[in-house]
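Enquirer: give me the fold of what follows.
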Amino acid sequence: MLGFLIIGAIGLALLIVALIFGEILDIFDVDAAGGLLSGPVIASFLAAFGFGGALTMNATDVGVTGGALAGLASGVVVGGIAGGLTRSLMRMPTDESVRTGDLVGATAVVVTPIPEGGFGEVNVSHLGQTMKYNARASEPIDVGTPVEVTAVLSSSALMVAPLER
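Expert: You can find the predicted model right below:
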């Protein structure tokens, strides 16, 4: 039973290291079967195998062989769950990144008046995010006026023009 507890403790320690330091355990990853042999999956299997075998031996009168079979069953189940979670997280779709250059042609609303020859501020809604930028225009524009982004001056400043009504 002590051997099973040691295997379980090693698996648990590896799992904790994998969760905290992530990429460090990637040296143990075998890119086979869609990530089923990744560090977290192997660590989960070892922890469940060790603790499952020890628990079975302690709770019943089975010997080492029975403990190993029970540990193998629990390791496969827990490792499979960890593999499924890992695979679903790695294949999760993500939203497109917002890039300032993509804002040309987007509509915005003036939130700080844009003076002649100076900067004001606009709120731009793009890809589900509302962002505030400094804005310059060829003519003064009042607060609340809808505008169109005509150029990107920098990562924090846009050139805008009033929308035709």
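
Enquirer: how does this protein divide into domains?
Expert: Taking automatic domain parsing as the criterion, the chain consists of the domains 2-90, 100-162.

Enquirer: and the ones you listed, which one is worst for confidence?
Expert: Of all the domains of the chain, domain 2-90 carries the lowest average pLDDT, namely a mean of 83.

Enquirer: okay, how far is it across that one, tip to tip?
Expert: Start to finish, the residues bounding domain 2-90 are 36 Å apart (C-alpha to C-alpha, to the nearest Å).

Enquirer: which residue sits closest to T145, ignoring its sequence neighbours?
Expert: For T145, ignoring the flanking residues on the chain, the nearest one in space by C-beta to C-beta, 6 or more residues apart in numbering is V110 at 4.8 Å. No exception for glycine: its C-beta is placed from N, CA and C like everyone else's.

Enquirer: quick revisit: make a markdown table from the domains of the chain and add mean neighbour count to it.
Expert: Putting the domains of the chain into a markdown table (neighbours: other C-beta atoms under 10 Å) gives the following:
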| stretch | mean neighbour count |
| --- | --- |
| domain 2-90 | 17 |
| domain 100-162 | 16 |
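
Enquirer: now do the strands in the protein.
Expert: Ranges of strands within the chain are 107-112, 120-126, 129-136, 146-154, 157-162, based on DSSP state E.

Enquirer: of all those, which one comes closest to I10?
Expert: I10 lies closest to strand 129-136 among the strands of the chain, at 44.5 Å (C-beta to C-beta).

Enquirer: name the helices or strands packed onto the closest one?
Expert: Here strand 129-136 touches strand 107-112, strand 120-126, strand 157-162, going by 3 or more C-beta pairs under 8 Å, 6 or more residues apart in numbering; DSSP states H and E.
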